[in-house]
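Undergrad: Next come a sequence and a model predicted from it.
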Amino acid sequence: MNDCSKRIWWQVYPLGFCGAPVRPQSDAEREITPRLDRLVNWLDYMKGMGCNGFLLGPIFDSDTHGYDTIDFYRIDPRLGDDTAFDRLVTACHERGIALMLDGVFNHVGRDFPEFQRELKEAQDEMEAGKPVGHDSDDMFSFSVTQDGTLDYAKFEGHAILPAFNHDAPRVADLVTDVMTYWMRRGVDAWRLDAAMTVPTRFWAKVLPRVRREIPDAWFMGEAIQGDYPQFVRDSTIDTVTQYELWKAIWSSLKDGNFFELDWCLKRHDGFLETFIPQTFIGNHDVTRIASQIQDERKLALAAVILFTVGGTPSIYYGDERAMLAEKTDGVGGDDKVRPEYPETPEDLSDDGKWMYTLIGRLTSIRSARPWLIDAATEPTLLENRHYAYDVTARDGSAKLHVDLNLDATPHADIYEGGGAPLMHVEHHI
């Protein structure tokens, strides 16, 4: 049985982490360079903070940032090749670390070969005065605008990201084959990018096919907003990203409004009746939580919340060092939240080391209490700046009590169910 939902994940954006050129300007910058080997150097660092799952951003051949794939069967040469990938898989599994890859199956890059072929075919049809369209097996959808311009379906209006026609059997066949291919190569799970943009009927068709080949396959869908439980049921995806809780954690701490967190945790408990949400306080697409909260003392409490409520938690690289960075709009707006890390942990500065140590203590508590994965939360005190809750195992056999206080010096206390003090959290600037 797959245990991916029970793991604690460390998320890394490989192109940034490994110092690859994100927008290469020459063939030399696209030469095969085994940068994936740098990731191996950080596996023990990851385990040292209590993580046993490695969630990687895109690693397939792409035009620029990885979310514009041009070949799903080739490792991006900026990161290495098949042998570099195999070394990473071996190193992970030797340490008991599960590996999750980022599958971008809603759209591709403009240089994706089949898109270029179908684009040329559509252009030829226009020039010949024929109607432009597509049959049921075309992987992309083309049309002509009112002003006579050739157009095609794209992700969020980005011309560089042509969207798949998910009703095409060839798209379902491709995605099924890609996922099973890499899982046979040692991948344990998939993050499905922009999962809610893809019709649920597509996932409901593809994922069971993958599970027939790989019974332990586990799928995490990116879901910004919407009816999470219904999406999970209709798509057969195992879990989705809990953006509601992410927002409530940083916002309630920043504004001193625990009513928002309490409201969200009530919804979170409802989600847990259907699936185990993937919980986080940061990722590659958002402003860092340290920048959102702007107070390291409150940042410590964000980690307490993450590791004491139900879910499958992840830590985004850099957040374990309390790094600051803001996401902005436009080209390169993600670069600051996707930084390069040095070759080894020994080369990392001591800045923010307190957060790494704190996360290690919290993951130790969580790992010793596997029942926390689907635990229910019940508020026992609710004020704007003071919030306490019980966290109880679904069968009622175990309990923790968590007390969060923003007054004076922000701090938190974790108690065993019987009232014995377990951990005091108070970071001094």
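TA: Cool, got the structure. The structure presented is a predicted model; accordingly, all values stated were derived computationally and were not measured. Numbers count the residues shown, from 1 in each chain.

Undergrad: Can you list the buried residues in the helix or strand of the chain with the lowest mean pLDDT?
TA: When each helix and strand of the chain is scored by mean pLDDT, DSSP states H and E, strand 142-144 comes last, with a mean of 91. For strand 142-144, burial by neighbour count (16 or more other Cβ atoms under 10 Å) applies to Phe142. Backbone N, C-alpha and C define where each C-beta goes, glycine included.

Undergrad: repeat for stretch 287-294
TA: Using 16+ other Cβ under 10 Å as the test for burial, stretch 287-294 gives Thr287, Arg288, Ile289, Ala290, Ser291, Gln292, Ile293.

Undergrad: contacting residues for the closest residue to Ile8 other than its chain neighbours?
TA: Among residues not flanking Ile8 along the chain, Cys51 sits closest, at 4.8 Å (Cβ to Cβ, 6 or more residues apart in numbering). Residues in contact with Cys51 (Cβ atoms under 8 Å, 6 or more residues apart in numbering) are Arg7, Ile8, Trp9, Trp10, Ile97, Ile315, Thr363.

Undergrad: go on, Pro77?
TA: Neighbouring residues of Pro77 by Cβ under 8 Å, 6+ apart: Arg30, Glu31, Ile32, Thr33, Asp61.

Undergrad: coming back round to it: which member of the buried residues of stretch 287-294 is positioned nearest Leu400?
TA: Nearest to Leu400 out of the buried residues of stretch 287-294 is Ile289 (Cβ to Cβ; 22.5 Å).

Undergrad: can you pull the pLDDT of the residue nearest to Phe280 when sequence neighbours are not counted?
TA: The shortest distance from Phe280 to any non-neighbouring residue, by Cβ to Cβ, 6+ apart, is to Ser314 (4.8 Å). At Ser314, the model reports a pLDDT of 98.

Undergrad: Numbering from 755 from now on, please.
TA: From this message on, residue numbering opens at 755, which makes the last subject Ser1068.

Undergrad: Would you check how far apart Ser1068 and Gln996 are?
TA: Between Ser1068 and Gln996 the computed distance is 10 Å (Cβ to Cβ, to the nearest Å).

Undergrad: do the same with Gly1024
TA: 12 Å.

Undergrad: Counting neighbours, go ahead and name the busier of these two.
TA: Using other Cβ atoms under 10 Å, the more surrounded residue of Gly1024 and Gln996 is Gln996, with 26 against 11.

Undergrad: OK, contacts around the more buried one?
TA: Contacts of Gln996 by Cβ under 8 Å, 6+ apart are Tyr982, His1022, Phe1025, Pro1031, Gln1032, Thr1033, Phe1034, Gly1065.

Undergrad: now Gln877
TA: The contact partners of Gln877, by Cβ under 8 Å, 6+ apart, come to Leu904.

Undergrad: phi, psi of it?
TA: Backbone torsions of Gln877, given as degrees, to the nearest 10, read phi -60, psi -40.

Undergrad: So it versus Val986, what's the distance?
TA: Going from Gln877 to Val986 by Cβ to Cβ gives 41 Å.

Undergrad: And for Lys1107?
TA: Separation of Lys1107 from Val986 (Cβ to Cβ) stands at 37 Å.

Undergrad: All good on my end, thank you.
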